[in-house]
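Chemist: 3D, please:
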Amino acid sequence: YNSNMYTNRVVHQKKFFKNINYNKLVNEILIHEKKLKKNDLYFEGGAALNFIGENYKELNKILKQLHDSKKIANHFKSKFIINSCSAISDKKNYKRSSKWHRDVRYFNKNAHAEMILCIIPITLCDQSNGSTIFKLRNNKLVQKKLLPGDILIADASLLHRAGNKKSDKKRVIVTISLTPPHIKPIMDFS
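Modeler: A predicted model of the protein is given here:
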């Protein structure tokens, strides 16, 4: 893990998370979606944005393990914050994420990654149910098979999109963006 590891790489670490009950986590996501729908804040297609809160015990275990990760702290060489935390849970692809995009508002190919994207599978994610595809600088496409407990970490400026769904298998993921504290988060998570 060196300072430019995310510049042109997607890092897949197996069994990163310990002691997470993924069935309970799916229920937490569904409860959050219901709250969003009730308040007319839900994006059709399965995106539970701003998925965070003290009532989500399994999510908070994940956030704690990310917070305690020396590997992530070493990347930033400083403290870091949660910039955004969302869940994607619908059987269909979330339409906005099925187009090529970056998760940063600006792009400088020579800059150090100031935002890293963490993709955390809650269910099996593979080519058949639309696992995320990353496009590296050499135009190589990377699409990893992920199991619950794994984490995929990438520079948020890498082009990526949801893969094409070829089956009815549900794909549930949590996406978390981490940044240094000087970058304003999408929502005040304090």
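Chemist: got the residue ranges for the helices in the protein?
Modeler: All helices of the chain, identified by DSSP state H, fall at 22-38, 57-67, 70-76.
Chemist: These: which one's closest to S128?
Modeler: Ranking those by proximity to S128 (Cβ to Cβ) places helix 22-38 first, at 18.8 Å. Bear in mind the C-beta positions are built from the backbone N, C-alpha and C, glycine included.
Chemist: Using PDB, list the CA coordinates for that closest one.
Modeler: Once non-C-alpha atoms are left out, helix 22-38 reads as follows in PDB (Å, rounded to 0.1, in the frame of the first residue of the first chain):
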ATOM      1  CA  TYR A  22     -24.900  -9.900   6.200                       C
ATOM      2  CA  ASN A  23     -28.600 -11.000   6.500                       C
ATOM      3  CA  LYS A  24     -29.100  -8.400   9.200                       C
ATOM      4  CA  LEU A  25     -27.200  -5.800   7.000                       C
ATOM      5  CA  VAL A  26     -29.600  -6.500   4.100                       C
ATOM      6  CA  ASN A  27     -32.500  -5.800   6.600                       C
ATOM      7  CA  GLU A  28     -30.800  -2.600   7.700                       C
ATOM      8  CA  ILE A  29     -30.600  -1.500   4.000                       C
ATOM      9  CA  LEU A  30     -34.300  -2.400   3.400                       C
ATOM     10  CA  ILE A  31     -35.300  -0.400   6.500                       C
ATOM     11  CA  HIS A  32     -33.300   2.600   5.300                       C
ATOM     12  CA  GLU A  33     -35.000   2.300   1.800                       C
ATOM     13  CA  LYS A  34     -38.400   2.300   3.500                       C
ATOM     14  CA  LYS A  35     -37.500   5.500   5.400                       C
ATOM     15  CA  LEU A  36     -36.400   7.200   2.200                       C
ATOM     16  CA  LYS A  37     -39.500   6.200   0.300                       C
ATOM     17  CA  LYS A  38     -41.700   7.400   3.200                       C
END
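Chemist: which helices and strands sit right next to that helix?
Modeler: Helices and strands touching helix 22-38, by 3 or more Cβ pairs under 8 Å, 6 or more residues apart in numbering; DSSP states H and E, are strand 47-48, helix 57-67, strand 81-88.
Chemist: got the buried residues for that helix?
Modeler: 22, 25-26, 28-29, 32-33, 36 (16 or more other Cβ atoms under 10 Å).
Chemist: what residue of this protein is the furthest out?
Modeler: Distance from the centre of the chain peaks at K38, with 24.4 Å (Cα atoms, centre = their mean).
Chemist: and the gap between that one and I62?
Modeler: Going from K38 to I62 by Cβ to Cβ, to the nearest Å gives 25 Å.
Chemist: what's around A87, how many residues?
Modeler: 26 (other Cβ atoms under 10 Å).
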